[in-house]
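Asks: just coords:
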């Protein structure tokens, strides 16, 4: 890859302005505060293809229009006397690197994007986007981007990818109906206040049922790096999840959520599981074309004491819908409820177990035609793989789907200060086993660990269960 | 009437992927018809806007057209009975 002379994109949007952070922005902002300054963990690297006979000026023009139409791409996050605010620049300039490569421009763009994303953004002074164009055979082939998570979430990336080909060809696109400045105004109004109040009630009721922690057992010597993530591609899981979803009147997202909860409860010795679901907050048509982070955490608490896995899916689907519906709120109000619950319980509540379904429409659209009656026969195609290790993550366990549409892509991250790293891979295969088995026969919830080949954590003598909390006797 | 109107709202929430007539004719649950969580949440919002009442998802789960219609009919009846001069059948 050879660097050529960089270009400058000068943009001038319809307006600038300043407003409090939206609830979604504040969520990411508080997460970034949790990491040391300069940590690039919340950067996203992204590539966009350039198809057809498009020249460099056309690519630069498309980038200019992208930044002009989405205010989030020209927003800085500035600390003021009234707290951190979003400040939208009306005009400005972006330096765009230009690189030439002899072959494989998309993989060159992927490498470039990772390089661009390797340095943290200066949120107050820098645009939240960095960009480079890859040229091959005399014309642009791909664009490499690094974006701050403060500017976009997964939904926004899909939105940008959808708009990109039309921007390249110079099509007119309608302006987004709502931008983060408008969203901040909406969130200061009565309708949003009512939504937030409802979410607070949901959180209060859920916290009263949640164990104070899913990780109430002695910690262990962490591995290096402390957090590890494994992935799986499993057609058997996709087919089994669809069969169970149809049988239990649920969605595949709920089947996977309940399976994750059941595995976690089985490993940690709990009869109730508490997970935070990442809520995209995109069902409202008003925010469908808003590029901005909108996701917040929803509280999902599931009773797993009795019955079968299928019973739990039926119950869990309704609970998941309630969690998703109550995922749009003022973070400080829910923080206050969490603090209140901690005071009442006399212990901090640890909710660091998460589930995220990243599939844009909540399904696998392109599953190949296979024999659906026997998902077990598809297991030989399953692959698991190591994804990466991380020094610091705000989670003890994180379950997530991947975006693949022709198979179930699933990921598990574990905190090795609590669970051995290999547990992540065991949980992936355990999830597959659980779903495949549940298609063939009823799986009692108290046999999930055994069926999945998972060893529950062992608490030393002196730990006893009070309600669904495990307590070391010296605490009493 | 309520069922018909709800079926139309399901269809609209699905972006037209589900036809109102099919939703009405089927005795399957909403998820079995292909109502994903995004579509379901859109539907609940639409019901609240149209009928001006709160649909409680923290209660028993409403996963069928009839279940939603019954829940809504009870809500509306309750509200009309509470309202000064209100009476069932206004709608």
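Replies: Arrived safely, thanks for sending. Computed from a predicted structure; not experimentally measured.
Asks: got a list of what residue 58 touches?
Replies: Reading this off chain A. By CB atoms under 8 Å, 6 or more residues apart in numbering or on different chains, the contact set of residue A:58 is A:168, A:170. Bear in mind the C-beta positions are built from the backbone N, C-alpha and C, glycine included.
Asks: My question was about chain B, not that one.
Replies: Here residue B:58 is in contact with A:201, A:202, A:205, A:322 (CB under 8 Å, 6+ apart).
Asks: try it again with 10 Å
Replies: Going by CB atoms under 10 Å, 6 or more residues apart in numbering or on different chains, residue B:58 touches A:198, A:201, A:202, A:205, A:206, A:318, A:319, A:321, A:322, A:323, A:325, A:326.
Asks: Go ahead and build a ChimeraX selection from the buried members of these.
Replies: Selection of buried members from these for ChimeraX, criterion 16 or more other CB atoms under 10 Å in any protein chain shown:
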select /A:198,202,206,318,319,321,322,323,325,326
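Asks: and the contacts of residue B:58 near chain B, which?
Replies: Filtering the contacts of residue B:58 for proximity to chain B by CB under 10 Å from any CB of the partner chain leaves A:198, A:201, A:202, A:205, A:206, A:318, A:319, A:321, A:322, A:323, A:325, A:326.
Asks: Looking at those residues, which is nearest chain B?
Replies: residue A:318 (2.7 Å; CB to the nearest CB).
Asks: Am I right that residue A:273 sits in a helix?
Replies: No: using DSSP: H, G, I helix; E, B strand; the rest coil, the assignment for residue A:273 is strand, not a helix.
Asks: Report the beta-bridge partners for it.
Replies: residue A:302 (DSSP bridges).
Asks: And for the residue of chain B found nearest chain A, the neighbour number?
Replies: Nearest residue of chain B to chain A: residue B:61, at 2.7 Å (CB to the nearest CB). Neighbours of residue B:61 under the rule other CB atoms under 10 Å in any protein chain shown: 20.
Asks: Residue A:354: what's it in contact with?
Replies: Contacts for residue A:354 were tallied using CB under 10 Å, 6+ apart; they are A:260, A:275-278, A:297, A:300, A:393-400, A:413.
Asks: Run through chain B and note the low-pLDDT ranges.
Replies: Residues of chain B that meet the criterion pLDDT under 70 lie in B:79-91.
Asks: could you say which helix or strand contains residue A:84?
Replies: Residue A:84 belongs to strand A:83-88 when elements are defined using DSSP states H and E.
Asks: Describe which strands that strand pairs with in its sheet and in which direction.
Replies: strand A:17-20 (antiparallel), strand A:75-80 (antiparallel).
Asks: Which one, of these, ends up nearest to residue A:385?
Replies: Counting by CB to CB, residue A:385 lies closest to strand A:75-80 out of the strands paired with strand A:83-88; the figure is 35.4 Å.
Asks: for the closest one, what is the average pLDDT?
Replies: Average pLDDT, strand A:75-80: 96.
Asks: what does it rub up against?
Replies: Strand A:75-80 has contacts (CB under 10 Å, 6+ apart) with A:16-21, A:25, A:28-29, A:32, A:84-89, A:92, A:121-128, A:148, A:150-151, A:179-181, A:292.
Asks: Separate out the buried members of these.
Replies: Buried among the contacts of strand A:75-80 (16+ other CB under 10 Å): A:16-17, A:19-21, A:25, A:28-29, A:32, A:84-89, A:121, A:123, A:127-128, A:148, A:150-151, A:179-181, A:292.
Asks: Am I right that residue A:53 sits in a strand?
Replies: No: using three-state DSSP, the assignment for residue A:53 is coil, not a strand.
Asks: For it, give me its contacts.
Replies: By CB under 10 Å, 6+ apart, the residues touching residue A:53 are residue A:139.
Asks: tell me the pLDDT at it?
Replies: Note on residue A:53: pLDDT of 88.
Asks: Return the closest of the contacts of residue A:354 with respect to chain B.
Replies: Each of the contacts of residue A:354 was scored against chain B by CB to the nearest CB, and residue A:277 proved nearest at 9.8 Å.
Asks: Excluding chain neighbours, give the residue nearest to the closest one in space.
Replies: Excluding the flanking residues, the one nearest residue A:277 by CB to CB, 6 or more residues apart in numbering or on different chains is residue A:298, at 4.4 Å.
Asks: residues of the longest helix seen in chain B that come out buried?
Replies: Longest helix in chain B by number of residues (criterion: DSSP state H): helix B:65-82. Of all the residues in helix B:65-82, those buried under the rule 16+ other CB under 10 Å are B:65, B:68, B:69, B:71, B:72, B:75, B:76.
Asks: I'd like those residues laid out as CSV, including distance to residue A:165.
Replies: As requested, those are exported to CSV (distance: CB to CB, whole Å):
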residue, distance to residue A:165
B:65, 39
B:68, 39
B:69, 43
B:71, 44
B:72, 42
B:75, 46
B:76, 47
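Asks: Quick one: the strands in the stretch 351-476 of chain A, in order.
Replies: For the stretch 351-476 of chain A, the strands defined by DSSP state E, counting those that start in this stretch cover A:353-356, A:383-390, A:397-401, A:408-415, A:463-466, A:469-472.
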